[in-house]
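Trainee: This is the structure alone, sequence omitted:
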């Protein structure tokens, strides 16, 4: 039980894929937000720094090459200001306004002169300034405009033409752009997570469904159930690695099933062979034991009477004839026993195959009763048999007559009471039952299940008296089983009935 619990899936592959995808996606979005938070403003600032530098350098270059006063340059300069959100002012040495893109040019002029002389009407010297770069011709700084409470990125200085120039842009716009970018990235990230989650659920289902199917198939194979097969909806052109694995598992399942069937068949045959060998060995031991026991008495009698004749115990011709009769009688019994044992041996080992044919069982019984009339008269028995029509059966006629002979002789040997033998034929659905009843003592209940065994004798003294060997009913059993038909015995208060059945179709 513990072993099975260890194999239980704590987290399915589908869940692992979904969680992993969600973790990666959320992680990437958080990573981008963090990068934006700490680095995007610096990137924007670096970009704007390049913009104000280029604007400053453009004014310096234009004033040197003479294009500064043209309308085309004014348009270009205004376009730069509008595009990058910058303000500029250009003064001459007399503080006269040459160019300006600011709505409050005078205020910017004051700021420019404040930077030049280090004093201002609005700012104390050095307040709110952070120098980023300073050269002989220009200074780049971040300055806080206290009137507007806004930070500006500024570049100012005296260009080669003698003009005083200042270019600036508000940093509030940069920070607002960074905030907008982060919020937009967050919203896009949430939407991406929702859409991506739906997509990964769909994709993970498509990916994991065949894998789960293969897992279930392997579980069934572990339990030696090979009925489960892998089925794919894709055609051969779109076959992927999982489909190939499924086809291989199907082939493996079929191979294992075939191999296990062959092994089980071989194992079953081996068990049957072993059981058959043990049965044969037991039968051989039992046979030798019983034969030696059955032959012991007649051999002893033959030997004894033969020695008596040899030693001349009696010179009386009548006694000598009696000795010879005993020897002949015992030898005849031994011959009969050996023949029956040979017949039984052939039947039990399947060497004597039943030859099925169609014949009239009524006629066969009548003929046998007539042939056994002398034996019947010797026992003073009365045979009763009603008039039956011809009943045709499928069986081995010779073996059937042998069964009838064993039943009939058994009835004669155990007859008693009214000395009646009754033979009956009972029609069944597709069979006929032939029964031989004799009056006399019933078979003891403790012996009735053993009478079909070889050499079993209910009354040994009586069996010895009429020369029985205890093999007759064993022959009946072997014959009926070789024809796959039923047989049996039934006790009555006044006698015993033996029966067997034959097919009529």
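Mentor: That came in fine, so what should we check first? Remember, it's a predicted structure, so these values are computed and weren't measured experimentally.

Trainee: who's in contact with the host helix or strand of residue 54?
Mentor: In this assignment (DSSP states H and E), residue 54 forms part of helix 41-65. Contacting residues not belonging to helix 41-65 are listed as 68, 73, 76-77, 80-81, 84, 86, 88, 90, 99, 132, 138, 140, 153-155, 157, 159-161, 163, 165, 167-169, 171, 174-175, 177-178 [Cβ atoms under 8 Å, 6 or more residues apart in numbering]. Every residue, glycine included, has its C-beta placed from N, CA and C.

Trainee: what comes up buried for the next helix or strand after that helix?
Mentor: Next along the chain after helix 41-65, taking DSSP H and E as the criterion, comes helix 71-84. Using 16 or more other Cβ atoms under 10 Å as the burial criterion, the residues of helix 71-84 that qualify are 73, 77, 80, 81, 84.

Trainee: before we move on, what about stretch 438-456?
Mentor: 438, 439, 440, 441, 443, 448, 451, 452, 454, 455, 456.

Trainee: Export those as JSON lines, with columns for distance to residue 104.
Mentor: Shown next, in JSON lines, are the buried residues of stretch 438-456 (distance: Cβ to Cβ, whole Å):
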{"residue": "438", "distance to residue 104": "145"}
{"residue": "439", "distance to residue 104": "148"}
{"residue": "440", "distance to residue 104": "147"}
{"residue": "441", "distance to residue 104": "145"}
{"residue": "443", "distance to residue 104": "138"}
{"residue": "448", "distance to residue 104": "133"}
{"residue": "451", "distance to residue 104": "135"}
{"residue": "452", "distance to residue 104": "131"}
{"residue": "454", "distance to residue 104": "134"}
{"residue": "455", "distance to residue 104": "138"}
{"residue": "456", "distance to residue 104": "136"}
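
Trainee: quick one: least confident of the residues you listed?
Mentor: Across the buried residues of stretch 438-456, the smallest pLDDT goes to residue 455, namely 66.

Trainee: now the lengthiest helix in the chain: how far from the chain's centre is it?
Mentor: Ranked by number of residues, the top helix in the chain under DSSP state H is helix 241-311. Centre-to-centre, helix 241-311 and its host chain are 35 Å apart (Cα atoms, centre = their mean, to the nearest Å).

Trainee: Next: stretch 152-170.
Mentor: 82 Å.

Trainee: Between its first and last residues, how far does that stretch reach?
Mentor: End-to-end distance for stretch 152-170, by Cα to Cα, to the nearest Å: 4 Å.

Trainee: Tell me the buried residues in that stretch?
Mentor: So stretch 152-170, judged by 16+ other Cβ under 10 Å, has buried residues 152-159, 161, 163-170.

Trainee: Restricted to strands, list the residues you listed.
Mentor: In this view, the buried residues of stretch 152-170 that belong to strands under DSSP state E are 152-158, 164-170.

Trainee: From residue 232, how far out is residue 266?
Mentor: Using Cβ to Cβ, to the nearest Å, residue 266 is found at 35 Å from residue 232.

Trainee: more crowded one of these two?
Mentor: Between residue 266 and residue 232, counted using other Cβ atoms under 10 Å, residue 232 has the larger neighbour count: 16 against 10.
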